[in-house]
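this one's sequence-less:
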């Protein structure tokens, strides 16, 4: 099969010669990053590299993921809804590298895969990283690969986030030797649990989170208002009932929660530093202007507080294995509600930065309100690169693309309309259609929100607009069945049960 795919790629390459104006592509995906976790989206965490890219590029304020790790990777790589693409198998899709390689691109990837087979089976000519959904940041696991071969993690001096950039730089050097435009996909595992940080990064933030999540969230809201991320005014969500006020916590709980958020900040800071090494390399080689840099997260902050080994130690000790805090996830998703896996904005919305000096025609620092989704990345890159999207592929049955090209947005023209954005993971559902969003928590009753007036989803207007609920729910079910080909258990009718919404793996605070 691999020989057949190589032959096909070579044939396509012969009829689609590389264009000298084709941009390089640096595609960056973080893991469990909250909507407000970087500076240009309101964070106190120091991310000067990403902030600079946003200041000289554009930010989306209505960009969506699938609210879950592996399904976001499927949609990003395939331009299709996860179930539609064949889920982890990608059996009903072709991928970004498989589209770009015949157009003359040298295709590379570093980091987390989390799908079946290996990246080298899906068009990546170079790959280093782990096939697993999560890994120990210092010790790794047994799934690390280098170009299809097993790769042993060093016993000392290893940190996954740093190694992602090390190998990205190595692969970029190879791309320059063959004098081709390149695709570099950096899939960071940070800040996904386990919460591990380098000592120097942790020390930088030590003491900053003693003020607690209420104060941190208030400060992030203030910065977002100053940035006008949502226009002139917006109302953020209030602290939910399942999260206590910081001031009422026992001192022991405060100390533990402070350690976790300090670790998360350190992990995010390190991601920015490693992106900075790659960006500096592009500048050094005169490639920054004509490299389109795309930055996303696979979902919102994670609330699942599952197990915490050795909490009394520090996060640079390999014996530790900490997981997330629901309360800090609420603060990290400012100003939204809920979390990873939920199709509310806190789960499905992601920061999205585009930097491309040679191609963007928007004003530097523009904030784009156009709704967009990870499925739009493949058709966008294909149009920009002049690459053909094949309708057939050996051993697979590609379905039509779900995404649309965002090039009109990059050209400063905007988009008048787009197909509805379908949201589904397991029991959590949603549909974004224009200014309206329909959402169901764990298949409970449908809730309806006007996103133009109520971006934080505070006022459920389903009772006031039953005709909109009926129309959108029919469309959600039609797409789930006919487009996604989702299993029947994932598209049954919702229940009549409404809020409150709870989850057994959210943090259980003492006294609650």
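Received it, and whenever you're ready, just let me know what you need. Note that the structure is predicted; figures quoted are calculated from it, not measured.

so which strand or helix has residue 281?
Assigned by DSSP states H and E, residue 281 falls within helix 251-284.

other SSEs contacting that helix?
In terms of contacts (3 or more C-beta pairs under 8 Å, 6 or more residues apart in numbering; DSSP states H and E), helix 251-284 is packed against strand 24-30, helix 48-56, helix 160-178, strand 182-187, helix 199-205, helix 212-227, strand 291-297, helix 326-332. Where C-beta positions appear, they are placed from N, C-alpha and C, glycine not excepted.

quick one, that helix and strand 182-187 angle?
170 degrees (axes from the mean of the first three to the mean of the last three C-alpha atoms, to 10 degrees).

check which residues of helix 251-284 are buried.
253, 256-276, 278-279, 281-282 (16 or more other C-beta atoms under 10 Å).

on that earlier part again, I'd like to know which of the helices and strands packed on helix 251-284 lies nearest to residue 381.
Within the helices and strands packed on helix 251-284, the stretch nearest residue 381 is strand 24-30; the backing value is 6.0 Å (C-beta to C-beta).

for that closest one, packing partners?
helix 69-78, strand 182-187, helix 251-284, strand 291-297, helix 377-385.

what about 7 Å?
Packing partners of strand 24-30 (3 or more C-beta pairs under 7 Å, 6 or more residues apart in numbering; DSSP states H and E): strand 182-187, helix 251-284, strand 291-297.

now do stretch 263-277, average pLDDT.
Stretch 263-277 carries an average pLDDT of 98.

distance from that stretch to the middle of the chain?
Offset of stretch 263-277 from its chain centre (C-alpha atoms, centre = their mean, to the nearest Å): 15 Å.

try stretch 195-210
With C-alpha atoms, centre = their mean, you get 23 Å for stretch 195-210.

list the buried residues of it.
Those would be 195-198, 201-202, 204-205, 209, for stretch 195-210 by 16+ other C-beta under 10 Å.

state the mean pLDDT of it.
98.

using a markdown table, lay out the buried residues of stretch 195-210 together with distance to residue 155.
Converted to a markdown table, the buried residues of stretch 195-210 look like this (distance: C-beta to C-beta, whole Å):
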| residue | distance to residue 155 |
| --- | --- |
| 195 | 21 |
| 196 | 16 |
| 197 | 19 |
| 198 | 17 |
| 201 | 21 |
| 202 | 22 |
| 204 | 26 |
| 205 | 28 |
| 209 | 32 |
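
name the nearest of the residues you listed relative to residue 471.
residue 195 (43.2 Å).

by mean pLDDT, which helix or strand of this structure comes out lowest?
Across the helices and strands of the chain, mean pLDDT, DSSP states H and E gives its lowest value to helix 2-15, namely a mean of 38.

hang on, the earlier thing: quick one: which of the helices and strands packed on strand 24-30 is nearest residue 330?
Of all the helices and strands packed on strand 24-30, helix 251-284 comes closest under C-beta to C-beta, at 11.5 Å.

tell me the angle the closest one makes with strand 24-30.
Counting by the same axes, to 10 degrees, helix 251-284 lies at 180 degrees to strand 24-30.

quick one: helix 251-284 to chain centroid distance?
16 Å.

what angle sits between that helix and helix 48-56?
60 degrees.

where does the stretch 1-150 of the chain have low pLDDT?
Where the stretch 1-150 of the chain drops to pLDDT under 70, the residues are 1-20.

mind putting the helices and strands packed on helix 251-284 into TSV with distance to residue 440?
Formatted as TSV, the helices and strands packed on helix 251-284 follow (distance: least, C-beta to C-beta, whole Å):
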stretch	distance to residue 440
strand 24-30	26
helix 48-56	33
helix 160-178	35
strand 182-187	29
helix 199-205	37
helix 212-227	26
strand 291-297	22
helix 326-332	20
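
among the ones you listed, which is the most enclosed?
Mean neighbour count (mean count of other C-beta atoms under 10 Å) peaks for helix 326-332 among the helices and strands packed on helix 251-284, with a mean of 27.

how far out from the middle of the chain is the following helix or strand past that helix?
As assigned by DSSP H and E, the chain's next helix or strand after helix 326-332 is helix 345-348. Taking the mean of its C-alpha atoms, helix 345-348 sits 11 Å from the chain's own mean (C-alpha atoms, centre = their mean).

name the residues that touch helix 345-348?
64-65, 67, 299-300, 333, 336-341, 423, 430, 455-457 (C-beta atoms under 7 Å, 6 or more residues apart in numbering).
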